[in-house]
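Q: I'll drop the sequence and a predicted model, then ask my questions.
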Amino acid sequence: MRGGTVAVVGGSIAGCAFASAAVRAGAGEVVVLERTGGRLADRGVGLCVHDDRAAELVAAGALPAGIPAHRLERRRWVVRDAAAGAGGRLIWEQPFPFHSYHWGLLWRGLREAVPGVVDYRQGVAVEGVDGARSGGAAGVRFAGGGRERFDLVVGADGYRSVVREAVSPGAAPHYAGYVCWRGNFDAALLEGLDGADSYPEAVTTVCFPGGSCVIYRIPGPDGPRVNWVLYAAPPAGAGLRFDDPTSFPPGALGEELAGHLGALLEREFPEHWGRALALTPPADTFVQPIYDLVTEPAAAGRLLLAGDAASVVRPHNTSGAAKALQDATAFGAAWAGAGSWEELVAAYQAARGGAGRELVALARRLGRAQVEETPVWARMSADEVAAWWQGQLAGAAGIGGQAMSS
């Protein structure tokens with residue numbers, strides 16, 4: 001099947017990957033519609049991709065070579081223990097075969113790989129779409145007025161997707177009951193702290209009652225940075241509402257959330273790691289409520305869902321970027337074997353319709369065990385922590401997403 005028009009709603013990681021896949025597959029015209037008018041590359045959060053998933057994606061052409069990444073090898077679980085020193089007491093260590101990325105640098109690499117024939121439009125807000133019923137093309141309605149028709153529309157517009165509403169009306173992410181504080185800072189700042197970080201190839205997980213925090217290095221535009229994600233319930237009685245998916249952007253935490261974070265670092269963290277996270281500038285600190293959602297189906301009529309638009313997975317699973325790129329890979333494969341738009345949509349649904357279900361279920365177990373119903377980690381032996389971890393996996397091979405073949 002050659003030719004045809006494809007609109008990709010959303011121009012971040014999933015959107016760039018789908019636009020490239022559509023051109024490689026033979027689309028006649030590809031348009032990306034990105035709401036944000038500024039530079040998406042300015043987003044500085046970190047993410048990780050499992051080495052096995054990365055190898056598959058590179059081989060498929062979905063992950064371009066040369067994007068800066070930091071190699072990680074192991075994960076260290078620590079608890080606060082004054083007798084063990086400023087870095088805390090190690091309770092368990094496990095292999096962690098991942099590479100970490102800076103969101104903005106990963107997006108930049110994917111954006112630069114998008115073929116020049118793609119019409120990438122920024123500052124374009126999509127108000128709604130139609131085309132979920134069989135037959136005919138799909139329509140895109142713009143917030144400022146106007147409408148365009150396409151043979152196929154891909155919803156790569158994140159967890160607040162307008163395309164999802166057309167595919168699965170009423171489906172919306174559900175608040176998990178806790179949030180994550182996120183931030184990153186210049187890794188060189190660690191040199192001035194006692195108990196300096198001597199594990200640049202490791203993810204450190206700080207464990208405490210009612211939450212946990214993962215800390216790891218990422219490449220940055222101006223050198224290595226330290227990225228961290230702290231999961232815990234928000235302060236009680238703060239009057240915060242999280243029923244509508246949202247976030248508190250960098251520099252806009254307010255006294256209540258900033259004070260709660262400071263109290264957690266002071267009370268629950270090993271001294272070194274509490275002081276380290278406190279180095280994060282307010283402009284690089286934000287709060288993200290945790291949501292999840294499984295959308296079924298992932299495609300209908302002339303509409304497809306990709307990435308977070310298709311399924312919202314709690315970040316504990318470390319699978320978001322890999323799944324988005326896998327969705328694009330499956331889209332390209334479905335196109336290659338299709339003789340019509342209907343066959344393409346059906347093949348994509350068969351390949352990716354259930355892809356998010358197991359990821360969401362695993363991430364819920366991880367969230368329950370690491371935030372909602374935390375064990376008394378300080379009393380556990382290494383063998384007990386290992387058994388606790390296997391209980392969360394419940395037969396899954398591990399975190400980081402699934403192989404494409406599965």
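A: Arrived safely, thanks for sending.
Q: C-alpha only now, for contacts and for neighbours.
A: Noted.
Q: and Q402, that's in a helix?
A: No - counting by DSSP: H, G, I helix; E, B strand; the rest coil, one finds Q402 to be coil, located in no helix.
Q: what about the closest residue to it other than its chain neighbours, distance to A59?
A: Spatially, and ignoring its direct neighbours in sequence, Q402 is nearest to R53 (7.6 Å; C-alpha to C-alpha, 6 or more residues apart in numbering). R53 is 10 Å from A59, where distance means C-alpha to C-alpha, to the nearest Å.
Q: more crowded one of the two?
A: R53 (22 against 11; other C-alpha atoms under 10 Å).
Q: residues touching the spatially most central residue of the chain, list them.
A: Most central in the chain under C-alpha atoms, centre = their mean is G320, positioned 3.7 Å from the mean C-alpha point. Counting by C-alpha atoms under 8 Å, 6 or more residues apart in numbering, G320 touches 307-308, 313, 401.
Q: what's the spatially most distant residue from the centre of the chain sitting at in phi/psi?
A: Here the centre of the chain is the reference, and by C-alpha atoms, centre = their mean the most remote residue is A83, at 36.6 Å. Dihedral pair for A83: phi -70, psi -20, per degrees, to the nearest 10.
Q: averaged pLDDT, stretch 34-53. What do you get?
A: Averaging pLDDT along stretch 34-53 yields 84.
Q: do stretch 78-95 as well
A: pLDDT averaged over stretch 78-95 gives 95.
Q: list the buried residues of it.
A: Buried residues in stretch 78-95, defined by neighbour count with 16 or more other C-alpha atoms under 10 Å: 78-81, 86-93.
Q: surely R2 touches R24?
A: No - the criterion here is C-alpha atoms under 8 Å, and R2 misses it with R24 at 10.3 Å.
Q: show the pLDDT at L253.
A: So L253 comes in at 74 (pLDDT).
Q: wait, A196
A: pLDDT for A196: 59.
Q: same question, D284
A: As predicted, D284 sits at a pLDDT of 86.
Q: identify the residues contacting stretch 292-300?
A: Contacts of stretch 292-300 (C-alpha under 8 Å, 6+ apart): 131-134, 164, 167-168, 171-176, 304-306, 310-314, 345-346, 348-349, 352-354, 356-357, 360.
Q: just the buried ones from the residues you listed, in PyMOL syntax?
A: Remark: buried members of those, expressed as a PyMOL selection using 16+ other C-alpha under 10 Å:
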select buried, resi 131+132+164+167+168+172+173+174+175+176+304+305+306+310+311+312+313+314+345+346+348+349+352+353+354+356+357+360
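Q: which of the contacts of stretch 292-300 fall within strands?
A: Of the contacts of stretch 292-300, the ones assigned to strands by DSSP state E are 174-176, 304-305, 311-312.
Q: and of those, the nearest to G155?
A: Of all those, G155 sits closest to L305, with 4.6 Å by C-alpha to C-alpha.
Q: these two touch, right, the closest one and V163?
A: Yes - here L305 reaches V163: they are 7.2 Å apart, a contact under C-alpha under 8 Å.
Q: anything in contact with each of the two?
A: Joint contacts of L305 and V163 (C-alpha under 8 Å, 6+ apart) are 154-155.
Q: quick one, what contacts the residue lying closest to A138 once chain neighbours are set aside?
A: The shortest distance from A138 to any non-neighbouring residue, by C-alpha to C-alpha, 6+ apart, is to G131 (4.2 Å). By C-alpha under 8 Å, 6+ apart, G131 lies in contact with 137-139, 166, 300-303.
Q: let's go with 7 Å and repeat that
A: 137-139, 301-303 (C-alpha atoms under 7 Å, 6 or more residues apart in numbering).
Q: and of those residues, the nearest to R364?
A: L303 (27.9 Å).
Q: and for that closest one, nearest residue in space, chain neighbours not counted?
A: In space, L303 is closest to V153, 5.0 Å off (C-alpha to C-alpha, 6+ apart).
Q: Provide the backbone phi and psi angles at V124.
A: According to degrees, to the nearest 10, V124 has phi -110, psi 110.
Q: now do the nearest residue to it once chain neighbours are set aside against Q122, distance only.
A: Nearest residue to V124 in three dimensions, chain neighbours excluded: R35, at 4.7 Å (C-alpha to C-alpha, 6+ apart). Applying C-alpha to C-alpha, the value for R35 to Q122 is 6 Å.
Q: one more: L253?
A: Distance, L253 to Q122, using C-alpha to C-alpha: 28 Å.
Q: give the contact list for the residue nearest to V124.
A: 10, 122-125.
Q: can we see that at 6 Å?
A: Going by C-alpha atoms under 6 Å, 6 or more residues apart in numbering, R35 touches 123-125.
Q: what is the nearest of those residues to G28?
A: Using C-alpha to C-alpha, those come closest to G28 at V124, 21.4 Å.
Q: select the longest helix from the chain.
A: In the chain, ranked by residue count with DSSP state H as the criterion, the top helix is helix 320-336.
Q: quick one: distance of that one to the chain centre.
A: 15 Å (C-alpha atoms, centre = their mean, to the nearest Å).
Q: please enumerate the strands of the stretch 151-300 of the chain.
A: With DSSP state E, counting those that start in this stretch, the ranges of strands along the stretch 151-300 of the chain come out as 152-155, 174-186, 202-208, 211-218, 225-232, 285-294, 299-300.
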